[in-house]
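J.: Requesting a structural model of the entry that follows:
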Amino acid sequence: MTCVAHLAHRREASASQRKCGTIKVWGRPTSINTQRVRWALADSDIPHELILASATMGPNGHVSKGGAAFGIVNTAAYRAMNPNGTVPTIDDDGFILSESNAILIWLALKRALAGKVHAQSQRSSLAMPSIGAPLKPYARCLR
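T.: Below is the predicted model of the structure:
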């Protein structure tokens, strides 16, 4: 199935047909924002699938140098998930989120709620009230 067809049919797939617990990541390997998300997923031992997507880069390099882009980000299906048409975007079992910082916070909250945060990390988070304070109202939603 092509990536575009995958996007169009992803909502129709039954839960039994999907890889249970696998987060889909749209992005490109050379994007530092995509790399940050993939590093966090790997560090948390969360299985993920990379779907190549970019308006400017492709398998043969940048479009300014004659390479074809991976595409997808300008399709209607992708823009429905991410109106900005940027990477990365994730699909966490139907929960769509874009913007790498928001994704990293989401992954950190998921990891904390799963009890996978070490005591030292929990103490360190107390030293960063500017990060934790705005998230407190949303942490309740993740339970």
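
J.: thought residue 88 was touching residue 23?
T.: No - under the criterion of C-beta atoms under 8 Å, residue 88 is not in contact with residue 23, lying 10.5 Å apart. Where you see a C-beta, it was placed from the backbone N, CA and C, and this is true even at glycine.

J.: and residue 62, what is it in contact with?
T.: Each residue near residue 62 by C-beta atoms under 8 Å, 6 or more residues apart in numbering is listed here: residue 56.

J.: Now it: phi and psi?
T.: Here is the backbone geometry of residue 62 (degrees, to the nearest 10): phi -70, psi 150.

J.: Is it bridged to anything, and to what?
T.: In this entry, residue 62 is beta-bridged to residue 57, by DSSP bridges.

J.: how close does it sit to residue 30?
T.: Using C-beta to C-beta, to the nearest Å, residue 62 is found at 9 Å from residue 30.

J.: Give me the three-state assignment for residue 51.
T.: Three-state assignment for residue 51 (DSSP: H, G, I helix; E, B strand; the rest coil): strand.

J.: Quick one: end-to-end length of stretch 52-64, please.
T.: Start-to-end span of stretch 52-64 (C-alpha to C-alpha, to the nearest Å) is 18 Å.
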